[in-house]
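K.L.:
Sequence first, then the predicted structure, then my questions.
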Amino acid sequence: MKDFNPEQELLHARREFGEHGGVAPSISRSATFTVIHPETMPEIFEGQKGPEQGGCFLYSRHFNPTVDVLSRYLAAMEGTEAAICTASGMSAISCAILQLCRAGDHIVASESIYGGTHALLESLLIQLNITTTFVDISDLEEVSSAITPETRVIFTETMGNPTLTIADIPALAREVKGRNIKIIADNTFSPMIFTPHQLGADIVVYSLTKYINGASDLIAGAICADKSFIQELMDLHTGRVMLLGPTMDPRVAFDIIQRIPHLSIRMREHSHRAITIAEMLRDMGVKVIYPGLADHPQHQLANSLRNNSYGFGGILAIDCGSREKAEQLMDILQNQQQFGLIAVSLGYFDTLISCSGSSTSSEIEIKDQQRMGLSPGLLRIALGYTGSLDLRMEQLKKGVEKVLL
Ligand code: PLP
């Protein structure tokens, strides 16, 4: 597992040149493509004679040359046979789940997941008679006893939002071995740090909106999996990506392609700042949650599953005790100290701060928030890397001293 080097895999996969020998790939913006020989149209339409089989591109909702480049890079980075890009992280998640589940099927999901995914499982899929049992994903006995004969999917985030719970993917894979159950891992919080497919997940989903793009200027997603699953998603008659149509724009693909080469550098810097700041807060006596700290309940697990050299990620959470205190601290950190911005999302070069219970996890009922360890005063800090680290530590320290100590 530890031998997998996502950076190296990405480097080998990056062999694209633009038109006229451009060092940057070209953007292919055509919605439709010219078929030279009319008799080849049926095969091209059925996907049997795409560009890789000596045919050509047909229509950009099916496949697009620029979007395909990004899909290939992501597959290489995850070590999956293939990948498909989508218009958002939510469309990647919903299409992957809907491809696997029919009415009457059942999902076991981590309770510590993004609020939108929680709502999809709890409130939307139930209308299609697809039910979900939410579990503490770190409690393998609970996971095991939640599985029923109807279970088709275990859904988890590798590093859970916002409690930073680490999923033991190898143990989950052992649990479902030989059964008709697929593991979907959302790796949005931890690209490069974890490569869930190498650990045993069948399908890896991403919100590319976050770290992978890294500039908070677009919305995008991806599904990485075996070729057969990606083909199913693109099937003309039943493919959820093909027919529900969350197509990625080639201009968006181009932007992400140009930012992927420095993803590893960014992840290292996010992680470096997060561990330094987490240690400072811990030493100040603040209740801080960060998987890189030895007192995090899954620190050892995270250490054994991660790829070396990318750290433990750029997100930490602090428990301010109450929502009022969390809001007071956010106000000071944004409006007095200029430490960061009060905004949802993560993976930006500037620091983004939000109170999860009243924002990105607000779809989750209070009793469920309590069960998953999400207190109303939990502040999620997605650390950026602008400004010197010393300055950022000083700014945060001043805010914390005023409100929490
Ligand atoms: N997965 C996680 C872990 C997230 O945090 C989010 C958004 O915050 C999503 C998925 C949804 O991604 P998008 O906003 O790109 O649809």
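P.N.:
Sure thing, it's come through.
K.L.:
What count of nearby residues applies to the residue in the stretch 151-300 of the chain that the ligand sits nearest to?
P.N.:
Residue of the stretch 151-300 of the chain nearest the ligand, by CB to the nearest ligand atom: residue 207 (3.1 Å). Any C-beta I mention is one placed from the backbone N, CA and C, and that applies to glycine too. By the measure other CB atoms under 10 Å, the count of residues near residue 207 is 30.
K.L.:
Identify each of the helices in the stretch 151-300 of the chain and give its residue range.
P.N.:
169-176, 196-199, 227-233, 240-244, 250-259, 263-283, 299-305 (DSSP state H, counting those that start in this stretch).
K.L.:
ok, now which ones touch the residue of the stretch 151-300 of the chain closest to the ligand?
P.N.:
Residue 207 is in contact with 88-90, 92, 186, 188, 220-221, counting by CB atoms under 8 Å, 6 or more residues apart in numbering.
K.L.:
try residue 122
P.N.:
Contact analysis of residue 122 by CB under 8 Å, 6+ apart lists 132, 134.
K.L.:
what about 7 Å?
P.N.:
Residue 122 is in contact with residue 132, counting by CB atoms under 7 Å, 6 or more residues apart in numbering.
K.L.:
Just list the residues touching residue 269, thanks.
P.N.:
Residue 269 makes contact with residue 385, according to CB under 7 Å, 6+ apart.
K.L.:
what separates it from residue 305, distance-wise?
P.N.:
Relative to residue 305, residue 269 is positioned 21 Å away (CB to CB, to the nearest Å).
K.L.:
nearest residue to residue 235 other than its sequence neighbours?
P.N.:
Excluding the flanking residues, the one nearest residue 235 by CB to CB, 6 or more residues apart in numbering is residue 242, at 6.3 Å.
K.L.:
Identify the residue nearest the residue of the stretch 151-300 of the chain closest to the ligand in space, chain neighbours excluded?
P.N.:
residue 89 (2.5 Å).
K.L.:
Isn't that neighbour up against residue 209?
P.N.:
Yes. The pair residue 89 and residue 209 qualifies as a contact (CB atoms under 7 Å) at a distance of 5.9 Å.
K.L.:
The residue of the stretch 151-300 of the chain closest to the ligand pairs with what?
P.N.:
Under DSSP bridges, the beta-bridge partners of residue 207 are residue 221.
K.L.:
Give the burial count for residue 349, as a bare number.
P.N.:
Residue 349 is flanked by 13 other residues according to other CB under 10 Å.
K.L.:
mind checking pLDDT for residue 1?
P.N.:
Residue 1 is assigned 51 on the pLDDT scale.
K.L.:
what's near enough to touch the closest residue to the ligand within the chain?
P.N.:
Closest to the ligand within the chain is residue 89: 2.5 Å, counting by CB to the nearest ligand atom. Counting by CB under 7 Å, 6+ apart, residue 89 makes contact with 188, 206-209, 221.
K.L.:
Mind checking which of the residues you listed are buried?
P.N.:
188, 206-209, 221 (16 or more other CB atoms under 10 Å).
K.L.:
now, which of those residues sits nearest residue 46?
P.N.:
Lowest distance from residue 46 to the buried ones among the contacts of residue 89 (CB to CB) belongs to residue 221, with 26.0 Å.
K.L.:
Now the residue nearest the centre of the chain: closest residue in space, sequence neighbours ignored.
P.N.:
Centroid-nearest residue in the chain, with CA atoms, centre = their mean: residue 188, separated by 1.7 Å. Nearest residue to residue 188 in three dimensions, chain neighbours excluded: residue 207, at 4.5 Å (CB to CB, 6+ apart).
K.L.:
Equivalent analysis for residue 171, please.
P.N.:
Closest to residue 171 by CB to CB, 6+ apart is residue 140, at 5.6 Å.
K.L.:
Could you do residue 351 as well?
P.N.:
residue 340 (3.1 Å).
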